[in-house]
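> When you get a sec, could you give me coordinates for this:
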Amino acid sequence: MSYWYLQRQGIPFSILWMGFGAMPDGMSSDTYTQRLNEASSIYFINLVVMQWFNLMAVRTRRQSIFQMPPIFNKKTQNLCLFPAILFALLMAFFWLYIPTFLTNLGTTNVPAMYFFLPMAFGLCILLLEEGRKYAVRRHPKSILAKCAW
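Predicted structure coming up:
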């Protein structure tokens with residue numbers, strides 16, 4: 001996400017990778033530093049949002065999220081998950097939107113678009129993991145089942 005953002009802001013990957021301090025033509029060092037700080041903040045929020053879906057995906061090795069729902073089932077519920085997700089979101093807002101931390105940490109505000117794109121990626125990860133779990137349940141002696149952690 002951060003590299004995509006930088007590409008859209010006129011900083012190609014080739015300058016970042018093995019560029020050794022090179023900057024795009026016509027861009028000041030202050031603008032370049034600001035864009036890198038923005039990309040770093042986007043990367044941080046990407047990690048936070050994607051971990052929500054990772055948390056739901058890896059709760060069990062073989063059972064689906066529908067077989068082991070995190071809520072509405074007394075035997076499988078874990079009511080600490082959602083406060084933990086909310087706490088992670090609050091901490092992200094804390095580091096990215098409080099002016100004192102913005103200046104001291106070099107973070108920036110993140111546009112809403114960069115919250116929703118990682119949600120789409122996270123949903124894909126959750127669906128892929130559900131497919132893997134289905135295959136493991138369907139073929140318990142397969143190599144995929146033996147690789148299941």
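
> Can you show me the helices along this protein?
Counting by DSSP state H, the chain has these helices, from start to end: 2-8, 13-16, 29-57, 81-97, 99-105, 113-138, 143-147.

> Lowest average confidence across the ones you listed, which one?
Taking the average pLDDT of each of these, the minimum falls on helix 143-147, with a mean of 81.

> picking that back up, tabulate the helices of the chain (CSV), appending distance to Pro69.
To be clear about C-beta, it is placed using only N, CA and C from the backbone, and glycine gets the same treatment. Listed next are the helices of the chain as CSV, based on distance: least, CB to CB, whole Å:
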stretch, distance to Pro69
helix 2-8, 34
helix 13-16, 41
helix 29-57, 10
helix 81-97, 11
helix 99-105, 36
helix 113-138, 13
helix 143-147, 23
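
> any chance of the ones you listed in TSV, with distance to Ile71 and mean neighbour count too?
Compiled in TSV, those are given as follows (distance: least, CB to CB, whole Å; neighbours: other CB atoms under 10 Å):
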stretch	distance to Ile71	mean neighbour count
helix 2-8	33	16
helix 13-16	41	14
helix 29-57	11	17
helix 81-97	8	14
helix 99-105	33	11
helix 113-138	16	15
helix 143-147	28	11
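
> Select, out of those, the one closest to Gln67.
Using CB to CB as the criterion, the shortest distance between Gln67 and these is 9.0 Å, found for helix 113-138.

> got the angle between the closest one and helix 29-57?
When axes from the mean of the first three to the mean of the last three CA atoms, to 10 degrees is applied, the directions of helix 113-138 and helix 29-57 differ by 30 degrees.

> about what we covered before: for Gln63, find the nearest of the helices of the chain.
Go through the helices of the chain one by one with CB to CB and the one that ends up closest to Gln63 is helix 113-138, at 6.8 Å.

> And that closest one, how far out from the chain middle?
Remark: helix 113-138 is offset 12 Å from the chain centroid, using CA atoms, centre = their mean, to the nearest Å.

> and what of stretch 19-39?
Its chain's average C-alpha position is 24 Å from that of stretch 19-39, according to CA atoms, centre = their mean.
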